[in-house]
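J.: what shape does this take:
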Amino acid sequence: MGEGEEKWCVVTGGRGFAARHLVEMLIRYEIHHVRIADLGPSIKLEPAEEKACEGAEVVFHMAAPDSSINNHQLHYSVNVQG
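T.: From the prediction side, this is the model:
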């Protein structure tokens, strides 16, 4: 990042398996400053959590339900409807 230039991103589900690698890369290569948003059990961005996205250049939506949960409607809702 250039001097005086702060690029922010948000990573939802940032403590999950795949997202941890993304966060590590973003920090290591100084691509963005990172905010991690834990969305809780619903996996959907609630109005109060939208504040974490303010000022972000990009949002990486990495939150996903546990793959061991066999609920097709939940997976569709999260991954298609957002």
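J.: quick check: which element contains Glu30?
T.: Counting by DSSP states H and E, there is no helix or strand that carries Glu30.
J.: for it, give its distance to Gly14.
T.: 17 Å (C-beta to C-beta, to the nearest Å). For every residue, glycine as well, the C-beta is placed using N, CA and C.
J.: which one of these two is surrounded by more residues?
T.: Counted by other C-beta atoms under 10 Å, Glu30 and Gly14 do not tie: Gly14 has more neighbours, with 20 against 9.
J.: now tell me which helix or strand of this structure has the poorest mean pLDDT.
T.: In the chain, no helix or strand scores lower on mean pLDDT, DSSP states H and E than helix 47-50, which sits at a mean of 78.
J.: can you mark which positions in it are buried?
T.: Glu49 (16 or more other C-beta atoms under 10 Å).
J.: buried stuff in whichever helix or strand comes after that helix?
T.: Going down the chain from helix 47-50, the next helix or strand is strand 58-61, by DSSP H and E. Applying a neighbour-count criterion of 16+ other C-beta under 10 Å, one finds Val59, Phe60, His61 buried in strand 58-61.
J.: show me the contacts for the first one.
T.: If a contact means C-beta atoms under 8 Å, 6 or more residues apart in numbering, then Val59 has Cys9, Val10, Val11, Thr12, Cys53 as its contacts.
J.: from the centroid of the chain, which residue is nearest?
T.: Centroid-nearest residue in the chain: Thr12, 1.9 Å away (criterion: C-alpha atoms, centre = their mean).
J.: find the nearest non-adjacent residue to Glu57, please.
T.: Nearest non-adjacent residue to Glu57, counting by C-beta to C-beta, 6 or more residues apart in numbering: Lys7, 5.2 Å away.
J.: so the residue nearest to the centre of the chain sits right up against Glu46, yeah?
T.: No. Using C-beta atoms under 8 Å, Thr12 is not in contact with Glu46; the gap is 11.4 Å.
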